[in-house]
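> got a predicted model here, sequence first, then my questions.
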Amino acid sequence: MQLFGAQGASLDDKFLTAYGKAVWGEKGIAEQMRELVNKKLVLFVKHRASYRMTEGTDLDFEAALQEASGHVEEIANLVEKVKLHFNRQHVLAKEVTYRTGTPRVFEYVLSEQPIAEKPKGAVDGFINLVFNERLSENKLKEHSASTEEAVAYGLFKHTDAIRECLMSIERAQRVIDQNEEDRVAVKELRNIQQHHEALLDHFIHEALFNGGKNGVKWVTGGASVPVDGERSFNRMLSDIIQRTYPQAPIYKNELINREKVSPTASSARKNFFDLVADKWHLEDLGFATNDFPAEPAIYTTLLKENGIHRITKDGWELFPPAKGSSFTALWKECELFLQESQHSRKGINELMERLAERPFKLKYGLVELWVPLYLFIKRGDFALYRDDNFVPELNGTILYEMTRQPRTFQVKSFMVDGIRLKLFNKYKTFLGKEEVKHLTNGELIDVTRPFLSSTAI
């Protein structure tokens, strides 16, 4: 029956008595099974409600586990014990990931008190499971309202079943430690532990997603959120992302829109920078209509679909995102960064770090594509330095190096008021050149080139 019966089938005294009577007409099957148990030939496994064959051991499991109960201390730190057996790590917020193209990942954090941590790297938010029977739901709401981070708080107030599972695991471990040389006994005790670990996971799963009187109370944004299944739970996570990162753009490119890009994507990004720097004036950057490598995909999803590369009466140009583009807020943040650099140089790593936090929380693969591209489009409005040395021209190699060593690059935006611009134009008139309304990097190089040439002579 163990070989051919359904997994989890109950083979207890009641079943065996009925089976024996039906097949052999025997009524004393239960007494015979107890005799076999006494002879250590079979074992009745309580947690499975079934008899099973044993390879042979002198250990009385029931008595040993009962005796261990008097030596295993009550669980004082529930969180640390649960962590040892908690197998859930990350959850993908599916709806917002599908809608925006950005994989949004939540990480489980178990604690006694609610956390207020800032998600970093690939993690966009936390699912904070709080095991604290003394903490009220109202107090948790107050804490949730005070944090701006993407955190879903789950309050466990009914933990009796969880504690009992943990105690059963501890009792089995004590008996194992006392009978390490009894291979058969240790094997069976491991099975008992695995059963209670599965039961523990079941209780936690039921509490997380099924609500009810003994379920977890979910709180986010200072309010309670009803959760009646895994689907509504996941929808709650997407809502948190939308609320916490409202200015994140829509960018559906799996090669780039991830925390760490593959070598293939990195190579494609490098080639893309070369194309932008050399062929920005050509339609579709010069791609053939039948080309389908990664570079055209980057161009289409970023530049073309957002109206950044478009035609004018003078030809193809690079512009700020078109009206209605989801990248508009991102562009404005970069403009603000350049304005701040009017007073002193600012490292481009600072801009990258800013975009990787609220209210954008861009994946770093997109950050490393966007920042060099933005700086190339605005190349006439600032001076670029690398290790304190002026960089006169932006090319594909420099753009790629920004992704490899961003801390070595700084920008200094031009701060030109009326008086400075007037003096600059007087100097241009002296050189026989036309006056300008705005000072750019190109204009600066244009007027300093004659001076540098005469100095060299």
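Structure received.

> show me what the top helix by length along the chain is packed up against.
Counting by DSSP state H, the longest helix found in the chain is helix 183-209. Contact analysis of helix 183-209 by 3 or more CB pairs under 8 Å, 6 or more residues apart in numbering; DSSP states H and E lists strand 42-45, helix 61-69, helix 78-85, helix 160-178, helix 230-244 as its packing neighbours. C-beta coordinates here come from the backbone N, C-alpha and C atoms, glycine included.

> show me what the longest one is packed against.
Contacting helix 160-178 under the criterion 3+ CB pairs under 8 Å, 6+ apart are the following elements: helix 61-69, helix 78-85, helix 183-209.

> repeat that for 6 Å
Helix 160-178 is packed against helix 61-69, helix 183-209, with contacts defined by 3 or more CB pairs under 6 Å, 6 or more residues apart in numbering; DSSP states H and E.

> and the contacts of stretch 97-106?
Applying CB atoms under 6 Å, 6 or more residues apart in numbering, the external contacts of stretch 97-106 come out as 90-93, 96, 122-125, 127, 237, 241, 250-252, 257.

> for it, C-alpha coordinates in PDB please.
Taking Å, rounded to 0.1, in the frame of the first residue of the first chain, the C-alpha atoms of stretch 97-106 are listed here in PDB:
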ATOM      1  CA  THR A  97       6.500  45.500 -14.600                       C
ATOM      2  CA  TYR A  98       4.400  44.600 -17.700                       C
ATOM      3  CA  ARG A  99       3.100  48.100 -18.000                       C
ATOM      4  CA  THR A 100       6.400  50.000 -17.700                       C
ATOM      5  CA  GLY A 101       9.000  47.500 -18.900                       C
ATOM      6  CA  THR A 102      10.900  47.900 -15.700                       C
ATOM      7  CA  PRO A 103      11.300  44.700 -13.500                       C
ATOM      8  CA  ARG A 104      10.100  45.800 -10.100                       C
ATOM      9  CA  VAL A 105      11.300  43.400  -7.300                       C
ATOM     10  CA  PHE A 106      10.300  43.300  -3.700                       C
END
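
> which parts of that stretch are buried?
Judged by neighbour count (16 or more other CB atoms under 10 Å), stretch 97-106 contains these buried residues: T97, T100, G101, T102, P103, R104, V105, F106.

> pLDDT score assigned to the first one?
Yep, that's T97 we're talking about. Looking at T97, its pLDDT reads 96.

> quick check: which ranges of the stretch 301-450 of the chain have low pLDDT?
Along the stretch 301-450 of the chain, segments meeting pLDDT under 70 span 415-450.

> among the contacts of stretch 97-106, which ones are in strands?
H90, V91, L92, G125, I127 (DSSP state E).

> so the second one bridges to which residues?
When you say that, I think you mean V91. F106 (DSSP bridges).

> the fourth one now?
Judged by DSSP bridges, the bridge partners of G125 are F106.

> pretty sure R310 is in a strand, no?
Yes: counting by DSSP: H, G, I helix; E, B strand; the rest coil, R310 is part of a strand.

> quick check: closest non-adjacent residue to it.
In this structure, R310 finds its nearest non-sequential neighbour in F319, 6.3 Å apart by CB to CB, 6 or more residues apart in numbering.

> count the neighbours of that neighbour for me.
F319 has 14 neighbours, counted by other CB atoms under 10 Å.

> picking that back up, following the longest helix of the chain, which helix or strand shows up next?
Where DSSP states H and E defines the elements, the next helix or strand beyond helix 183-209 is strand 217-220.

> give me the element the closest residue to E170 other than its chain neighbours is part of.
Excluding the flanking residues, the one nearest E170 by CB to CB, 6+ apart is V72, at 4.7 Å. Assessed by DSSP H and E, V72 sits outside every helix and strand.

> hmm, back to that, may I see the helices and strands packed on helix 183-209 organised as a markdown table, with distance to T408 added?
Converted to a markdown table, these look like this (distance: least, CB to CB, whole Å):
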| stretch | distance to T408 |
| --- | --- |
| strand 42-45 | 65 |
| helix 61-69 | 62 |
| helix 78-85 | 41 |
| helix 160-178 | 52 |
| helix 230-244 | 32 |
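
> now these in CSV, with mean pLDDT?
Formatted as CSV, those follow (pLDDT from 0 to 100):
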stretch, mean pLDDT
strand 42-45, 58
helix 61-69, 74
helix 78-85, 88
helix 160-178, 84
helix 230-244, 95
